[in-house]
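Chemist: build me a structure from this.
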Amino acid sequence: MNSTTLFYIIIAIIVINFIVDKVLDALNAKHFNDTLPAELQDVYDDAEYKKSQNYKATNYKFGLLTSTFSLLLTLGFLWFDGFEFVDNIARNYSENPIILALIFFGIIMIGSDILTTPFSYYSTFVIEEKFGFNKTTVKTFFLDKIKGWLMMAIVGGGILALIIWFYQATGKHFWLYAWALVAIFTLFMNMFYSKLIVPLFNKQTPLEEGTLRDKISTYAETVGFKLDKIFVIDGSKRSTKANAYFSGFGSEKRVTLYDTLINDLEDEEIVAVLAHEVGHYKKKHIIFNLFASILLTGLTLYILSLFISNPMLSQALGVETPSFHIGLIAFGLLYSPISEITGLIMNVFSRKFEYQADDYAKNTYKSEPLITSLKKLSKNSLSNLTPHPAYVFMHYSHPTLLERIGNLRK
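Modeler: Here you go, the predicted model:
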């Protein structure tokens, strides 16, 4: 196989991936106007259902526009040797492989973000605003961007620099050191994400004393679950959509509730949502996901180590001087079908885990408050209640609302 064949394989992967995605989106869009099943008739009234259909249709059309733009940009960049152009710019500043890679990825990441910022701005301040979700100010929007760039530069740049350094120092065995680094970083972030990263973007305050905290504590005691770290996050600063999540483990485990969740749900419903989250913890889903992610990273890095030294990877992207950073991009593009498959497998596990966590909430607390909370959350985010089964299989990490209610009422 030569570099030209590899180039066309990369083009084929990108185009096929786009076509599959668009076919699934179109199939899903055909179901936007379906009649709601009897069990979900009480989620929306007629006006709200119309609003949810408009919201889905608007996002579908906008998604078509953004993904087509992204496809044309990527294909144009490949066809007109964009990677060679950026690589040459980077080489004007340094020949050191680490500095070279950092400059190269810095240009690519910031350039790509600047080009897509008008789309995310429109999505936030036009679409989300029109449907009553947006609470973000223009200042917050751009501050988030700058903070994101800084984090990417410090954390992403630091990890990339170390991986290239391992490659230079150990050759084809670099993947073992890189894997150890990523594994330690993943564990560290899982433990301290809420303490270190969240405060950069949001304010977190301990849930104040009162009936809700008492009900949560009482439930936690009944299932033998030590839970003294319950925080409320100011999600309403950006959106009216609600959420709750569990992070950390051991002494660092904590539950974070969005202030919008507390405003939207009754106390019993919030406890039911928490019972579901406790179910994930008790059933070891968090540990499973963590180690599955680390194992998949190890597998990817091992496969990368087999190909990264091959100059054909760089040449396939039109770059004559082979380098680790260009090889990494070519590998990422070629590896994407395998990523899709592993993503599908993880989604299958994730949907299974959601049922188990629902069952845990049903058995240790009650099913009805969880059902009403899921209905309210779906209504408040104008969720699609009639998605196409193929779209669910490919993209959903959770079962549909109808499937979850069916399972909870079994």
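
Chemist: who's in contact with the closest residue to residue 102 other than its chain neighbours?
Modeler: Nearest residue to residue 102, sequence neighbours excluded (Cβ to Cβ, 6 or more residues apart in numbering): residue 157, at 5.4 Å. C-beta coordinates here come from the backbone N, C-alpha and C atoms, glycine included. Neighbouring residues of residue 157 by Cβ atoms under 8 Å, 6 or more residues apart in numbering: 102, 105-106.

Chemist: just the pLDDT for residue 157.
Modeler: Note on residue 157: pLDDT of 96.

Chemist: ok, now residue 235?
Modeler: In this model, residue 235 carries a pLDDT of 88.

Chemist: what does residue 176 give?
Modeler: You'll see residue 176 listed with a pLDDT of 97.

Chemist: which residues sit in contact with it?
Modeler: residue 170.

Chemist: and residue 245, by the same measure?
Modeler: Contact analysis of residue 245 by Cβ under 8 Å, 6+ apart lists 255-256, 277.

Chemist: and those residues, which is closest to residue 28?
Modeler: Nearest to residue 28, judged by Cβ to Cβ, of the contacts of residue 245 is residue 277 at 28.0 Å.

Chemist: that closest one contacts residue 244, doesn't it?
Modeler: Yes: here residue 277 reaches residue 244: they are 6.3 Å apart, a contact under Cβ atoms under 8 Å.

Chemist: got phi/psi on residue 254?
Modeler: The phi/psi pair for residue 254 (degrees, to the nearest 10) reads phi -150, psi 150.

Chemist: can you check residue 256 too?
Modeler: The phi/psi pair for residue 256 (degrees, to the nearest 10) is phi -120, psi 120.

Chemist: likewise for residue 255?
Modeler: Note on residue 255: its backbone torsions stand at phi -110, psi 140 [degrees, to the nearest 10].

Chemist: roughly how far does it sit from residue 191?
Modeler: Counting by Cβ to Cβ, to the nearest Å, the gap from residue 255 to residue 191 is 15 Å.

Chemist: out of those two, which sits in the busier spot?
Modeler: The neighbour comparison of residue 255 against residue 191 (other Cβ atoms under 10 Å) goes to residue 255, with 23 against 17.

Chemist: show me the contacts for the closest residue to that one other than its chain neighbours.
Modeler: Excluding the flanking residues, the one nearest residue 255 by Cβ to Cβ, 6+ apart is residue 230, at 5.2 Å. By Cβ under 8 Å, 6+ apart, residue 230 lies in contact with 206-207, 213, 216, 254-255, 257.

Chemist: and of the residues you listed, the nearest to residue 44?
Modeler: Comparing the contacts of residue 230 against residue 44 with Cβ to Cβ places residue 257 closest, at 24.7 Å.

Chemist: on that earlier part again, which one (most neighbours) among the contacts of residue 230?
Modeler: Ranking those using other Cβ under 10 Å puts residue 257 first, with 25 neighbours.

Chemist: can you tell me the SS state at it?
Modeler: At residue 257, secondary structure determined by DSSP: H, G, I helix; E, B strand; the rest coil is strand.

Chemist: hmm, back to that, residue 87: which of the contacts of residue 245 is nearest?
Modeler: In terms of Cβ to Cβ, no member of the contacts of residue 245 lies closer to residue 87 than residue 256, at 42.0 Å.

Chemist: could you count how many residues lie near the closest one?
Modeler: By other Cβ under 10 Å, 22 other residues sit near residue 256.

Chemist: also residue 229?
Modeler: 16.

Chemist: make sure it is actually in contact with residue 253.
Modeler: Yes: using Cβ under 8 Å, residue 229 is in contact with residue 253, at 6.9 Å.

Chemist: sorry, back to before: intersection of neighbour lists for residue 277 and residue 244?
Modeler: Joint contacts of residue 277 and residue 244 (Cβ under 8 Å, 6+ apart) are residue 255.

Chemist: that older thread, what helix or strand is the residue nearest to residue 102 on?
Modeler: Using DSSP states H and E, the element containing residue 157 is helix 157-170.

Chemist: that helix: which residues count as buried?
Modeler: 157, 160, 162-164, 166-167 (16 or more other Cβ atoms under 10 Å).

Chemist: list the contacts of residue 240.
Modeler: Taking Cβ under 8 Å, 6+ apart, we find residue 240 in contact with 132-133, 135, 260, 380.

Chemist: quick one, strands of this protein?
Modeler: 204-206, 230-233, 244-247, 254-258 (DSSP state E).

Chemist: list the contacts of the first one.
Modeler: Yep, that's strand 204-206 we're talking about. 194, 198, 229-234, 256.

Chemist: what's residue 98 in contact with, if anything?
Modeler: Taking Cβ under 8 Å, 6+ apart as the test, what residue 98 contacts is 161, 164-165.

Chemist: between those residues, which is nearest residue 283?
Modeler: Nearest to residue 283 among the contacts of residue 98, with distances taken as Cβ to Cβ, is residue 161, at 38.1 Å.

Chemist: how close does the closest one sit to residue 120?
Modeler: According to Cβ to Cβ, residue 161 and residue 120 sit 28 Å apart.

Chemist: these two touch, right, residue 56 and residue 381?
Modeler: No: between residue 56 and residue 381 there is no contact under Cβ under 8 Å: 11.2 Å.

Chemist: and those two? which has more neighbours close in?
Modeler: residue 56 (21 against 18).

Chemist: list of residues touching stretch 18-32?
Modeler: Contacts of stretch 18-32 (Cβ under 8 Å, 6+ apart): 53, 56-57, 60, 63-64, 67, 71, 384, 386-388, 390-391, 394-395.

Chemist: buried stuff in that stretch?
Modeler: Buried positions in stretch 18-32, judged by neighbour count with 16+ other Cβ under 10 Å: 18, 24-25, 28-29, 32.

Chemist: about what we covered before: restricted to buried residues, select the contacts of stretch 18-32 in PyMOL.
Modeler: In PyMOL syntax, the buried subset of the contacts of stretch 18-32 is picked out as below (16+ other Cβ under 10 Å):
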select buried, resi 53+56+63+71+384+386+387+388+391+394
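
Chemist: residues of the helix or strand bottoming out on mean pLDDT in the chain that come out buried?
Modeler: Of all helical and strand segments in the chain, the minimum by mean pLDDT, DSSP states H and E falls on strand 244-247, at a mean of 81. Neighbour-count burial for strand 244-247, with 16+ other Cβ under 10 Å as criterion, is recorded at 244, 246-247.
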